[in-house]
Structures are given as structure tokens and as C-alpha cells.
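Asker: Need a 3D model of the following:
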Amino acid sequence: MAGSVPVDLVPPLTGTFPLVRTVRVVEPANYARTVLVELLRENGVRVDASADKPNPVTLLPPQRRYPADAKVAELTGLPYADDAKFVIKVSYNIGADTSLLLFGLTQGVDNMDAALAKERHILASRYGIPPAEYSFLDGSGGGETRALNRAVTRMLTAMSRSAIFASYLDSFPVLGVDGSLAMVTDYESDPTLAGATGQVQAKTGTYVSDTGSLLKGQALGGYIETKAGRRIVFQLVVNNVPISSLDDVVQVFQDQGRVSAILWRDH
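Answerer: Presented below is the predicted three-dimensional model:
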């Protein structure tokens, strides 16, 4: 893909290049078909079908009925830890929604509502988090998603004791280093807080009103390796902050980074 940007453009959030933008694929099946046809042709395979037409799903056999002896290729995805790292580091919401649907498939269901029901059961039975303490609409925290701080910290604490914790922790943005916390560095101007860089690993969550005038929610939760050598679980949330631009949202990120650094220093 090629294009142009104004010569005086200053990338938002980071203020430096490269400028990263994402494009939403609204018809994944059509997109996958186009990519497949193009790759086949690039590798010398004759394909009579057009590369840019809707995917003819009516020609496919019923779900789970594709004959095994007709399979000519199989796509194996990345280990899920790698997918999770990509989703969580940069808050890739579509990937988060897809992850919940994939979880649903492991539980024998194939739609968002059913996957959410399975999730509620596991959160209650395995982690002791009752549905009254949260409300999830999808896998990405979209819309009027909510959760009590104690629900989040209970989950974070439970995950810290799990066998997959190392991979889980590795997926979180790191304060002042990468992901959605790479640009959170204002705290470094205080020499007593500068050492927090790399010691806070936490997931961000941002929800702005449709009008763009209100930051309805900004959350930051995860783990801190404190100056004293302790690992603590934390969750910071602010709600209903009037904003006039993206800079106001960034300032909330910076404030939460400073609070996180104080926790690193003082605990």
C-alpha cells in the first residue's frame, strides 16, 4: 500500500515516525479469498476465479463436513501466546473479539453471546468472580463494558499463580518501553521515578464518548516489580473526564504512568 502524508505531519501519541495506521477488514472471508487467489497466481497456479469478488460461501460444503481426502493444504497459525502478545501490546480490539470467539470454539460454541456465557461460567467457577462484578459485551471491552476493581485484581492475582503466567506477563505493554505504554515517559523527569521504566507491565483500556468530548473510562491494570523487589498487582481507573482533543487523553495516560511509577518507588 502506498500513499502520502503532509510534510509537516507530527504522528499522534508518539510524536515521532514511523506512523502506524490500521485498516479494518470488514469482510474477512472476502479478504482471505483475495489474498489466496493472488498468492496462488504469484506462485504460478492458474486461477480462473476473480480475485476481487465476494466469497461464494454457497459453494462450500456444510460446516465441519469438508471431506478429509479433498484437503490439499492446511494453514497453521502462530502459537496463541504470540497472538495474545500482539493483541494486548497494542490493544488490537478486533483480535480481542476474535480471541473470544476462538475460545468459544474450544467450548463447543460458535458465536459471541454463547462464548460470553461460557466465559461467565469459567470466571465464576474457576476464579470466583461473579457476573455481578462485571458486564462484558464482547472480547475487546467495547461499549458499556464495566468491571469492579476487585474483579480485575482478583483475575490478575490468579493469573500470577498460573502455569502460563510467564507468557501472559510477556504480552503486557511495558511502561516507557513498548506497546501502548511506550510513549508514557513524563514520569522520567522526576529522578526518583525514572527507575520505573521497564518495571511496570500493564494493560490499558480507553473508552471515549461518541461525541469525543468525554473520556468515559481510562483503565490501567497489571503488575509492578517494585523498587523494594516486590511484585504487586494494581488497577487504576478514571471515569468521565472532559476532553477537547487527543492530547487530553494522552495526558491521562501520562498521569497514570506517574502514579504507577510512584507505586514502584514507594512499595
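Asker: So Gly15 is in contact with Ala182, correct?
Answerer: No - using C-beta atoms under 8 Å as the test, Gly15 is too far from Ala182 to be in contact (11.2 Å). Every residue, glycine included, has its C-beta placed from N, CA and C.
Asker: Same drill for those two, tell me which one is more crowded.
Answerer: Set side by side, Gly15 and Ala182 show more neighbours around Ala182, with 16 against 9, by other C-beta atoms under 10 Å.
Asker: I'd assumed Gly176 was in contact with the more buried one.
Answerer: Yes - judged on C-beta under 8 Å, Ala182 makes contact with Gly176 at a distance of 7.1 Å.
Asker: Quick one: neighbours of Pro131, just the number.
Answerer: Here the count is done by other C-beta under 10 Å, and Pro131 has 15 residues near it.
Asker: separation between it and Met112?
Answerer: 16 Å (C-beta to C-beta, to the nearest Å).
Asker: Contacts for the helix or strand containing Ala261 next, please.
Answerer: Ala261 is part of helix 246-266 when elements are defined by DSSP states H and E. Contact partners of helix 246-266, identified using C-beta atoms under 8 Å, 6 or more residues apart in numbering, comprise 12-13, 175-176, 180-181, 183-187, 190, 192-193, 195-196, 199-200, 202, 204, 206, 208, 215, 218, 220, 224-227, 232, 234, 236, 238, 241-243.
Asker: again, 6 Å this time
Answerer: Judged by C-beta atoms under 6 Å, 6 or more residues apart in numbering, the contacts made with helix 246-266 from elsewhere in the structure are 12, 184, 186-187, 192-193, 196, 199-200, 215, 218, 220, 224, 226-227, 236.
Asker: For Thr197, give me its contacts.
Answerer: Counting by C-beta under 6 Å, 6+ apart, the residues that Thr197 touches are Gly176.
Asker: Could you check how far it is from Leu102?
Answerer: Thr197 is 34 Å from Leu102, where distance means C-beta to C-beta.
Asker: Below-threshold pLDDT in the chain: ranges please.
Answerer: Applying pLDDT under 70 to the predicted model, the residue ranges of the chain that meet it are 1-2, 13-14, 19-22.
Asker: sec struct for the closest residue to Val174 other than its chain neighbours, please.
Answerer: Taking C-beta to C-beta, 6 or more residues apart in numbering as the measure, Val174 lies nearest to Gln201, with 5.4 Å between them; neighbours along the chain are not counted. For Gln201, the secondary-structure state derived from DSSP: H, G, I helix; E, B strand; the rest coil is strand.
Asker: Let the chain start at 216 from now.
Answerer: Happy to do that; since the first residue is 216 now, the last one works out to Gln416.
Asker: Count residues in the vicinity of Gln416, would you?
Answerer: Other residues near Gln416 number 22, with proximity taken as other C-beta under 10 Å.
Asker: For it, which residues are in contact?
Answerer: If a contact means C-beta under 6 Å, 6+ apart, then Gln416 has Leu384, Phe387, Val389, Gly437, Tyr438 as its contacts.
Asker: Next one: it relative to Gly437, how far apart?
Answerer: Here the distance between Gln416 and Gly437 works out to 5 Å (C-beta to C-beta).
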